[in-house]
Every structure is written in structure tokens, then in C-alpha cells.
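Colleague: here's my sequence, what's the structure:
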Amino acid sequence: MEVIVYSSKGCPYCEKVKTALQEWGIEYEERNVSVEKEYYDQLKEKKIIGTPATLINGKLILGFQEKKFRKALGLPLEER
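Modeller: Down below sits the predicted model:
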């Protein structure tokens, strides 16, 4: 499973996404658009203008939407 989290500095929802993935034991690659212009350009090419933007096996989830994350990751849908 490939999980890529596009994040930015000072983004509280980016932290929520990363914390949840860590709690669920999901490995992910973080691409911080504040640090690497290349990552910013990748999002811009996809017409995405905000973070967090998470790709799970190519499926895009914007923001922190726990139910969508759980479904895309094949996890049970109960809340944390």
C-alpha cells in the first residue's frame, strides 16, 4: 500500500493525519510543500491548492476525514 501525505508547516490538520496514520500503524511518505518546491509543484499539477492532501494507492483524500481514511486503508470504521 502506498500512502503519501502532502503537508505544510503549521498545518493542524496535517498533524492530525500523520498522528492517525501513526496510531493505526500505517507507514507513509511525507512530502512537505513548505520545504520542497517540487512537492508544491506536484500538487499544483493535480490542481490541488491545500494541505493536507493524502494519496492512498492513488486515491486522493483532502483534509482529515477519518471515515474516508479508514475505508481507503481497509480499517474498521469505529471512531478512535
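
Colleague: got a list of what residue 77 touches?
Modeller: 67, 70-71 (Cβ atoms under 8 Å, 6 or more residues apart in numbering). (C-beta placed from N, C-alpha, C; glycine too.)

Colleague: out of the residues you listed, who's the most crowded?
Modeller: residue 70 (17 neighbours; other Cβ atoms under 10 Å).

Colleague: and the residue nearest to the spatial centre of the chain, what helix or strand is that in?
Modeller: Computing the C-alpha centroid of the chain and ranking residues by Cα atoms, centre = their mean puts residue 54 first, at 2.7 Å. Assigned by DSSP states H and E, residue 54 belongs to strand 53-56.

Colleague: report all helices and strands that that strand contacts.
Modeller: strand 3-7, strand 59-62, helix 66-73 (3 or more Cβ pairs under 8 Å, 6 or more residues apart in numbering; DSSP states H and E).

Colleague: and the ones you listed, which is most packed in?
Modeller: The highest average neighbour count among the helices and strands packed on strand 53-56, using mean count of other Cβ atoms under 10 Å, belongs to strand 3-7 at a mean of 21.
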